[in-house]
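**Student:** Take this sequence and fold it.
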Amino acid sequence: MVQFVAPLPLAHGFFPRLLGLGPNPPDGRSIAFRTRSVHTFGTRRSLAVAALDKNGFVIDSKVLAANRIYFNRRAHWIGEWTAPASPPAVGSRWLVK
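**Tutor:** Below is the predicted model:
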């Protein structure tokens, strides 16, 4: 059984992708990027990240500490969630819009 979770907003354009969640985002904020890698340079706290395939299924997830890089070759999108969110379970499905 597939767990379907809430919609995940997609970052469109240069500046939303550049800024991401920002240096000190509020709790509960999320964003998705059409990319295979993300970084946490300039952030003050860790983020939960998940690699999503082209159908929105989580193929890998982890908590990424500040000043780190996350890369997944099979990813179609990367989702980011602010702390204290835990990373989504592998196999859950997110609607990227």
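**Student:** burial measure for Pro87, as a count.
**Tutor:** 18 (other C-beta atoms under 10 Å). Placement of C-beta: from N, CA and C, glycine included.
**Student:** if I look at it, how far off is Ala48?
**Tutor:** 4 Å (C-beta to C-beta, to the nearest Å).
**Student:** Could you do Asn55 as well?
**Tutor:** When Asn55 is compared with Ala48 (using C-beta to C-beta), they lie 20 Å apart.
**Student:** who has more neighbours, these two?
**Tutor:** Ala48 (19 against 9).
**Student:** quick one: which helix or strand includes Val38?
**Tutor:** strand 37-39 (DSSP states H and E).
**Student:** That strand pairs with which strands, and in what direction?
**Tutor:** strand 69-71 (antiparallel) (DSSP bridges).
**Student:** What strands line up against whatever helix or strand comes next after the strand it pairs with, and which way round?
**Tutor:** For strand 69-71, the succeeding helix or strand toward the C-terminus, using DSSP H and E, is strand 77-82. Sheet pairing here is set by DSSP bridges, and for strand 77-82 it gives strand 30-33 (antiparallel), strand 47-52 (antiparallel).
**Student:** what about dumping the CA coordinates of the longest one to PDB?
**Tutor:** Listed in PDB are the C-alpha atoms of strand 47-52, where the atom choice follows Å, rounded to 0.1, in the frame of the first residue of the first chain:
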ATOM      1  CA  LEU A  47      17.000  19.800   6.900                       C
ATOM      2  CA  ALA A  48      15.100  16.700   6.100                       C
ATOM      3  CA  VAL A  49      15.700  15.800   2.400                       C
ATOM      4  CA  ALA A  50      14.200  13.200   0.100                       C
ATOM      5  CA  ALA A  51      15.000  12.100  -3.400                       C
ATOM      6  CA  LEU A  52      11.800  11.500  -5.500                       C
END
